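J.: Model the structure of this input:
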Amino acid sequence: MRSGLIVKKVGMTRLYLEDGTHVPVTVLSLKDCQVIANQSLDKNGYNSITLATGETKPKNTNKSQREAFAKIKVTPKQKQMEFRVSEDNMLPIGSELGANHFVVGQYVDATGITIGKGFAGAMKRHNFGGLRASHGVSISHRSHGSTGNSQDPGRVFKGKKMAGQMGNRQRTIQNLQVVAADEDRGLIFIKGGLPGSKGSWISLKDAVKKALPSDAPYPAGLKGVNNTKNEDDKSNQIENTKLEEASEEATKEEIPAIEEAPKEEAPKEEAPKEESAKAEIDKSAREEAPKEESAKAEIDKSAREEAPKEETTAAEEAPAEASEQLKNDGKKEKEN
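T.: This next block holds a predicted model:
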């Protein structure tokens, strides 16, 4: 349940629609409609906000009201009204509502004080037919006639339609359509007539017997702020649809490319096989490398072991050759 608005009745005129037809409308002015108080469920037992509007001089405002307005840093207002709201539609103090609170085509309920017409007779006030214009009626042609029974009950029942004050009553007209709204000038155009005279205050609320439009602003139509969750939803939906369309087009373009890709990418399938063969060769090479190294190590070891043997044999053969040479030399000397 959203908050309502406090508007001033400017008068009536007519607006021409796009199809050329004209609609009689009541012009309502919205100016400086601000939140001046909040009532919470924990503190007050119910949720509501108090709106105030209309310029007034501080000297025409009593002291307590001046102090209250000064405390919340809001200029004194002429008219105040309280609106019941749900907890999620509470507004901070000082927030200013604009004409975008109601959307075009929405239905509202208008409450105001009807025009006072003073003391009126039964024929004008209640549409009585009056008495006969002749034949026995004397000076009572417009009277309402009998007002009750005789001695029992001996009184007039409450609510009896009689002459009295006409108008000057609070009345509500339901299901009035919003034809147009001008946020810059603070004007709202409502189809048909509204209760009250020119310059009177009227409260507008969302229609009780009609569904709230999906694009109505939440929690309220704040002035100069585009805070409609539904417009955000619409923009998100538009973006999503655009993305979906783009993705669909992309998929349509990719389908023939995917069909042609296997033919073109047939050589690429051999590449993994060649890579796997290379990997196996590298792996076998890595596995054979330690074997070759171990074989080389064994050869080196055997070579190192044979080297001392050769040296020892050479060392043993050297004295033997020297001794033989000495013997040969000795024999030569004896022969000489």
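
J.: And the strands in the stretch 101-250 of the chain?
T.: Residue ranges of the strands in the stretch 101-250 of the chain, as given by DSSP state E, counting those that start in this stretch, are 107-113, 118-120, 164-166, 170-182, 187-191, 201-206.

J.: Adding distance to Ile6, mean neighbour count and mean pLDDT, write these out as JSON lines.
T.: Where you see a C-beta, it was placed from the backbone N, CA and C, and this is true even at glycine. As requested, the strands of the stretch 101-250 of the chain are exported to JSON lines (distance: least, C-beta to C-beta, whole Å; neighbours: other C-beta atoms under 10 Å; pLDDT from 0 to 100):
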{"stretch": "strand 107-113", "distance to Ile6": "10", "mean neighbour count": "21", "mean pLDDT": "94"}
{"stretch": "strand 118-120", "distance to Ile6": "27", "mean neighbour count": "10", "mean pLDDT": "96"}
{"stretch": "strand 164-166", "distance to Ile6": "26", "mean neighbour count": "13", "mean pLDDT": "95"}
{"stretch": "strand 170-182", "distance to Ile6": "14", "mean neighbour count": "16", "mean pLDDT": "93"}
{"stretch": "strand 187-191", "distance to Ile6": "12", "mean neighbour count": "21", "mean pLDDT": "94"}
{"stretch": "strand 201-206", "distance to Ile6": "6", "mean neighbour count": "20", "mean pLDDT": "93"}
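
J.: As a markdown table, those with distance to Gln39 would be great.
T.: Supplementary listing: these in a markdown table, determined by distance: least, C-beta to C-beta, whole Å:
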| stretch | distance to Gln39 |
| --- | --- |
| strand 107-113 | 19 |
| strand 118-120 | 38 |
| strand 164-166 | 34 |
| strand 170-182 | 22 |
| strand 187-191 | 26 |
| strand 201-206 | 17 |
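
J.: Among the ones you listed, which comes closest to Gly129?
T.: Minimum separation from Gly129 across the strands of the stretch 101-250 of the chain (C-beta to C-beta) falls at strand 118-120, 15.5 Å.
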